[in-house]
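Asker: Need a 3D model of the following:
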Amino acid sequence: MKDFVVSPLTKKLIVRFSNQEVMLPPDIQGKIDAYWDTLLQSGKSYKRGDVFTVTKKETFEDRMEIVVEKTDYAHYLYCQNVDTLDEYGVHIIHTAALVETEDGKIVFGKMGEQTSRAGIYQLCGGGIDSDDLRGDVFDFEHNIKKELAEELGIDIGDQSRIKSFDLAYFKEGGPTDKMTVVYRVILNEMSLQFMQRYEDFVLQLQKNDEQPEFGEIVMLDKKRTDFAQFFDQHGIKLDEYMRPLFEVIEKELL
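Answerer: Sure thing, here's the model as predicted:
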């Protein structure tokens with residue numbers, strides 16, 4: 001396993017689609033297909049959509065360039081839940097939003113039971129998809145704005161709610177060698193006001209026969225003691241990038 005590395009994202013990030021699809025050996029593809037069939041037979045309603053996996057990363061003085069190929073959600077879930085598949089594994093690059101309220105709380109959530117990551121605590125965010133492509137380059141800002149709207153009901157264009165919105169960190173390494181592009185969103189509202197707006201957002205989803213992505217919202221005080229207590233209690237239920245990211249934030253608090 002590669003060590004976790006979380007660093008400030010100060011260089012320009014360019015992520016390109018190679019316009020190629022991952023080709024797997026027949027035996028591995030057969031195992032993935034069988035696993036997918038088992039999931040569907042168990043009642044899961046997952047869609048076998050596109051997933052993009054990192055195949056190349058280069059760092060230059062002024063930029064970081066990453067190349068991805070296309071695979072699918074069955075391949076990704078198999079690598080997450082059954083076997084990392086080593087050289088045939090899926091190494092995604094995805095967004096995450098470090099949302100902070102005016103009274104110093106960090107907002108994230110516990111994934112709902114209807115999701116493929118039920119019970120996992122993570123920041124708002126998600127994997128890149130074809131909707132984020134502009135030519136052969138992915139628009140990460142488009143992706144995170146979409147995720148914030150869909151998961152937390154936050155419109156980044158609403159200047160009455162948003163104090164600042166910036167790129168913040170880049171994480172790589174860990175058991176599946178995921179890459180995480182972290183944005184920092186600072187709100188112009190206190191935690192109570194945020195929760196009132198979030199509850200209104202959830203009610204609107206329910207009126208449309210939709211369920212929120214998060215089954216529970218967490219508002220964690222930006223304090224080292226609160227970080228430690230939360231992670232000690234929920235460590236096995238955290239997305240892999242959460243602890244190393246918050247360790248970096250802790251150091252900034254010193």
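
Asker: Which stretches in the protein count as strands?
Answerer: Remark: strands assigned in the chain by DSSP state E are 2-8, 12-21, 50-59, 63-72, 93-100, 105-111, 121-122, 133-134, 137-138, 162-174, 179-187, 214-221.

Asker: need the ones you listed in JSON lines with mean pLDDT, mean neighbour count and distance to F230, can you?
Answerer: All C-beta spots, glycine's among them, are computed from the backbone N, C-alpha and C. Converted to JSON lines, the strands of the chain look like this (pLDDT from 0 to 100; neighbours: other Cβ atoms under 10 Å; distance: least, Cβ to Cβ, whole Å):
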{"stretch": "strand 2-8", "mean pLDDT": "93", "mean neighbour count": "13", "distance to F230": "18"}
{"stretch": "strand 12-21", "mean pLDDT": "97", "mean neighbour count": "14", "distance to F230": "29"}
{"stretch": "strand 50-59", "mean pLDDT": "97", "mean neighbour count": "16", "distance to F230": "30"}
{"stretch": "strand 63-72", "mean pLDDT": "98", "mean neighbour count": "18", "distance to F230": "31"}
{"stretch": "strand 93-100", "mean pLDDT": "98", "mean neighbour count": "22", "distance to F230": "15"}
{"stretch": "strand 105-111", "mean pLDDT": "98", "mean neighbour count": "21", "distance to F230": "10"}
{"stretch": "strand 121-122", "mean pLDDT": "98", "mean neighbour count": "22", "distance to F230": "8"}
{"stretch": "strand 133-134", "mean pLDDT": "98", "mean neighbour count": "12", "distance to F230": "36"}
{"stretch": "strand 137-138", "mean pLDDT": "98", "mean neighbour count": "19", "distance to F230": "32"}
{"stretch": "strand 162-174", "mean pLDDT": "96", "mean neighbour count": "17", "distance to F230": "19"}
{"stretch": "strand 179-187", "mean pLDDT": "98", "mean neighbour count": "22", "distance to F230": "18"}
{"stretch": "strand 214-221", "mean pLDDT": "97", "mean neighbour count": "16", "distance to F230": "6"}
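
Asker: and of those, who's closest to D200?
Answerer: Across the strands of the chain, the minimum distance to D200, taken as Cβ to Cβ, is reached by strand 214-221, at 13.1 Å.

Asker: Direction included, what does that closest one pair up with?
Answerer: The strands beside strand 214-221 in its sheet (DSSP bridges) come out as strand 105-111 (antiparallel).

Asker: Off-centre distance for the partner strand?
Answerer: On the basis of Cα atoms, centre = their mean, to the nearest Å, strand 105-111 sits 12 Å off its chain's mean C-alpha point.

Asker: and the angle from that strand to strand 93-100?
Answerer: 130 degrees (axes from the mean of the first three to the mean of the last three Cα atoms, to 10 degrees).

Asker: of the strands of the chain, which approaches I32 most closely?
Answerer: I32 sits nearest to strand 63-72 of all these, at 8.6 Å, using Cβ to Cβ.

Asker: so that closest one versus strand 162-174, what angle?
Answerer: Counting by the same axes, to 10 degrees, strand 63-72 lies at 70 degrees to strand 162-174.

Asker: same for strand 63-72, what does it pack against?
Answerer: Other helices and strands packing on strand 63-72, by 3 or more Cβ pairs under 8 Å, 6 or more residues apart in numbering; DSSP states H and E, are strand 12-21, strand 50-59.
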